[in-house]
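J.: got a structure for you, letters missing:
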């Protein structure tokens, strides 16, 4: 297995050089690239609940692809993480999924579960008593902290719904904007974990509306969360803008939700799918800046960062310079690993389709006539398939052209405005005619009806 | 009886005597009815064009009771002659009698299984009793029925091309539009058919009638043929009974319409097969077949938007026809009907799609645009006059006055007392 890894690694490196990457790629193997995901390195980017949920997601997807090695690796790491926490439900799930395949150390440990549950019950009672005491004393700050603690307690035990409810209850007892922001951040975190992104959006806007200026890290966190909410809502353009607006200050500060690479990846892909050329150019510059700034600021993180961002930047660069074949090729390579990402999974197909369509549209845009054979070569596809794709785009009105199927040429075609206007005018006239006549007829009928009613009355 | 005849002959010539004559005839009404068909020979003594009123009364009495086939055929000829030549002014004095005579005439003609005999007289009768060309009489639907049965569609079209604005009886309008729709379908004038059927479906009604249901079924099919689409939501001004009930009653047709919009001919044909009996019972099978062929046409037309040239085999594949030869037949037919502009190159098996050669620069086009403008201005004026009339209508003002009183107590002067009915 090791020998294979090395040869594939060498091939991938060659590919990257071929694509024109210029930075110090050699230093570390990319985390997300054409070769199988290094689960350990990937998981090390995150902390908190999201680490475990991402590992579980990877395990689930690997099981679907029958990649048992990766599945077990992910489950093993998940087991270790869960045992460090207090979520017994998750522990039971993971142990069940492992099903004894990892040996005796990774079995169901009922004793552990019971002791954790007992401790949890004790803690819950204590918290409840404290909270009741505070409530009788009517000290706002203590009540707020009491609810907060309760929220934290539920969160660490995996009861997300209860956690959310408790965080929201603190709203009535918040006195400073700092409190409000804290409540919003907690609610956002829980909502992201629960997958309820409408809440995320509303709490982000609530936090942004506070009177005091927020510190840059919080601003960055909020932008990230907003980006995620937009991504989930399929508003790719807005998502891209939010992600790219997230400042470099974020660093590793939000790794209980998202890693810096992800911002570049999500932002880059959404930008590719939805930005026009001017915005795309700005996007490339931002990503460049991202890398540069972090290079200077934090050398430790530099290693983590560097892997992915130049790759995405290269993809976008290729697209911008019309090297569509290599761009689409590389995206295809990245696909397998991107599908393992918990947020991108549902949107990847759509994004890829949009990117491919944009490539086709941009290719044909500057020309009066295009030879379909050459275009098929440029996109590494065959002429028949290309014709079908173009037909769909033309019918959708995204490309203004007509296909000469005999000679396999695409001709740009601009609608004759004058004729179209005449046609529309005549049509509108006919419609007006028809509608007014029916209307007059109906008025007559109504008058008749009401006359009858009148005569009946009198 | 002879006295009556003499009176008729004497008093018909002078218009001032007509009211007098009318009274005499009204008094003789019962005795005439007692005689009934035996009055037939009297008609020979009268001239239908000079003594129209008297002739009418006698004719009406003749036909008042049920007639045998021989009696009917004896009556039919004089009635037809009368309808053609009667005097308009005299007839207008007794319109209901005239209408009932004409209706019975139609029944006899159908009884004798010769509907074509009734077409021309009925058309003449309509002209006599119409107060204006915009007036719908109860005879209009009868006329259209005769046209349909005798397959004289062109005669029907001549009436349909006139716009109707005044209506006596809503029932007449519904029947008129329904039969008119059927005639237009027969003449393949689908645009007008859609208009007429639309009027039936959206007419104000308080209960669902069979006419409305049948009209809706045909409306769905003709919309598919003409527009290529059908929206199940009826416009806002449709009566609430129609909006609630029509869809449920015509479920198979709605299903058919939904499968049309997918564009897949195989699906459409399956649904058509499934409900074939139902469509047959409603006599709509022909329309369904036309809908299927319209689907092929629409798919080919869509191809003209994306291709400049396309091989016949590709057309056959994309439109789901069986062979290139079939595709060639379809395209040829469409070119001949003027539905697309193209040329077929048989050597290469290629079709070149051309642009619509209409440049909107010819005199004919300018005339057409000009006449459209005139027509629309006239319609607009009509709408404004109608609006003015309604705003002067005392009933309307009363209603408005009542409501204003309720809501704008302090702001507005109350409408004068005499309008608060």
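T.: Done, it's in. What you see is a predicted model, and the numbers here were worked out from it, not measured in a lab.

J.: where does the stretch 151-300 of chain B come near chain A, residue by residue?
T.: Taking C-beta under 8 Å from any C-beta of the partner chain as the criterion, the neighbours of chain A within the stretch 151-300 of chain B are B:163-167, B:169-170, B:173, B:195, B:198-199, B:202-204, B:237. C-beta: built from backbone N, CA, C; applies to glycine.

J.: Would you mind listing which of those residues are buried?
T.: B:164, B:165, B:167, B:170, B:173, B:195, B:198, B:199, B:202, B:203, B:204 (16 or more other C-beta atoms under 10 Å in any protein chain shown).

J.: and the stretch 301-450 of chain A, which of its residues are near chain B?
T.: Near chain B, when you scan the stretch 301-450 of chain A using C-beta under 8 Å from any C-beta, you find A:390-391, A:394-395, A:402-407, A:411, A:416, A:418-419, A:422, A:425-426, A:429-430, A:432-434, A:436-446, A:448-450.

J.: Of those residues, just the buried ones, PyMOL syntax please.
T.: Per 16+ other C-beta under 10 Å, the buried members of those correspond to this PyMOL selection:
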select buried, chain A and resi 390+391+394+402+403+404+405+406+422+429+433+434+437+438+440+441+442+443+444+445+448
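
J.: Show me the strands in the chain, by range?
T.: Defaulting to chain A. A:369-371, A:401-404, A:409-412 (DSSP state E).

J.: my bad, chain B
T.: So, for chain B - with DSSP E - the strands run B:135-136, B:166-167, B:307-311, B:342-345, B:350-353.

J.: And these: which comes nearest residue B:263?
T.: Across these, residue B:263 has its closest neighbour in strand B:307-311 (16.7 Å, C-beta to C-beta).

J.: what comes up buried for that closest one?
T.: Across strand B:307-311, burial judged by 16+ other C-beta under 10 Å covers B:307, B:308, B:309, B:310, B:311.

J.: For the closest residue to the first one other than its chain neighbours, list the residues it contacts.
T.: When you say that, I think you mean residue B:307. Nearest residue to residue B:307, sequence neighbours excluded (C-beta to C-beta, 6 or more residues apart in numbering or on different chains): residue A:403, at 5.0 Å. Applying C-beta atoms under 8 Å, 6 or more residues apart in numbering or on different chains, we find residue A:403 in contact with A:372, A:387, A:390, A:391, A:394, A:409, A:410, A:411, B:306, B:307, B:308, B:310.

J.: what do you get for residue B:195?
T.: Applying C-beta under 8 Å, 6+ apart, we find residue B:195 in contact with A:434, A:438.

J.: cool, the one 4 residues further on as well?
T.: Taking C-beta under 8 Å, 6+ apart as the definition of contact, the neighbours of residue B:199 are A:438, A:441, B:173, B:177.

J.: switch the cut-off to 7 Å
T.: A:438, A:441, B:177 (C-beta atoms under 7 Å, 6 or more residues apart in numbering or on different chains).

J.: So which of those residues belong to helices?
T.: Within those, residues falling in helices by DSSP state H are A:438, A:441, B:177.

J.: Distance of the nearest residue to the first one once chain neighbours are set aside relative to residue A:434?
T.: In space, and not counting its chain neighbours, residue A:438 is closest to residue B:199: 5.6 Å by C-beta to C-beta, 6+ apart. Taking C-beta to C-beta, to the nearest Å as the measure, residue B:199 falls 10 Å from residue A:434.

J.: swap in residue A:370?
T.: In this view, residue A:370 and residue A:434 are 43 Å apart by C-beta to C-beta.

J.: again with residue B:237
T.: From residue B:237 over to residue A:434 the distance is 14 Å, taken as C-beta to C-beta.

J.: count of neighbours near residue B:247?
T.: 15 (other C-beta atoms under 10 Å in any protein chain shown).

J.: correct me, but it touches residue B:254?
T.: Yes: counting by C-beta atoms under 7 Å, residue B:247 touches residue B:254, with 6.0 Å between them.

J.: Now for these two: what residues contact both?
T.: Residues within reach of residue B:247 and of residue B:254 at once, by C-beta under 7 Å, 6+ apart, are residue B:232.

J.: Make a markdown table from the strands of chain B and add distance to residue B:230 to it.
T.: What follows is these, written out as a markdown table (distance: least, C-beta to C-beta, whole Å):
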| stretch | distance to residue B:230 |
| --- | --- |
| strand B:135-136 | 28 |
| strand B:166-167 | 27 |
| strand B:307-311 | 27 |
| strand B:342-345 | 28 |
| strand B:350-353 | 27 |
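
J.: where in the stretch 1-150 of chain A is pLDDT low?
T.: Scanning the stretch 1-150 of chain A for pLDDT under 70 picks out the ranges A:1-35.

J.: Okay, helices next: where are they in it?
T.: With helices called from DSSP state H, counting those that start in this stretch, the stretch 1-150 of chain A shows them at A:2-18, A:39-43, A:48-64, A:68-84, A:88-98, A:110-137, A:140-156.

J.: Repeat that for the stretch 251-400 of chain A.
T.: A:260-274, A:277-297, A:299-320, A:324-338, A:348-364, A:372-378, A:383-395.

J.: Tell me what angle the last one forms with helix A:348-364.
T.: It stands for helix A:383-395. Comparing the axes of helix A:383-395 and helix A:348-364 via axes from the mean of the first three to the mean of the last three C-alpha atoms, to 10 degrees yields an angle of 90 degrees.

J.: follow-up on the earlier one: right, so of the helices of the stretch 1-150 of chain A, which gets closest to chain B?
T.: Nearest to chain B, of all the helices of the stretch 1-150 of chain A, is helix A:48-64, at 31.2 Å by C-beta to the nearest C-beta.

J.: Next, the angle from that closest one to helix A:324-338.
T.: Going by the same axes, to 10 degrees, helix A:48-64 makes 110 degrees with helix A:324-338.

J.: quick one: helix A:48-64 to chain centroid distance?
T.: Relative to the chain's own centre, helix A:48-64 is displaced by 16 Å; criterion: C-alpha atoms, centre = their mean, to the nearest Å.

J.: go on, stretch B:173-184?
T.: Put simply, stretch B:173-184 sits 3 Å off its chain's centre (C-alpha atoms, centre = their mean).

J.: So what touches it?
T.: With contact meaning C-beta under 7 Å, 6+ apart, stretch B:173-184 is reached by A:445, B:136, B:140-141, B:144-145, B:147-148, B:153, B:156-157, B:160, B:167, B:192-193, B:196-197, B:199-200, B:203, B:211, B:214-215, B:218.

J.: Got phi/psi on residue B:358?
T.: Dihedral angles of residue B:358 (phi, psi; degrees, to the nearest 10) stand at phi -60, psi 120.

J.: Could you give the number of residues near it?
T.: Using other C-beta under 10 Å, residue B:358 has 12 other residues around it.

J.: next one: residue A:166
T.: As a measure of burial, residue A:166 has 24 neighbours, counting by other C-beta under 10 Å.

J.: That one contacts residue A:154, doesn't it?
T.: Yes: applying C-beta under 7 Å, one finds residue A:166 in contact with residue A:154, separated by 6.4 Å.

J.: Thanks a lot, catch you later.
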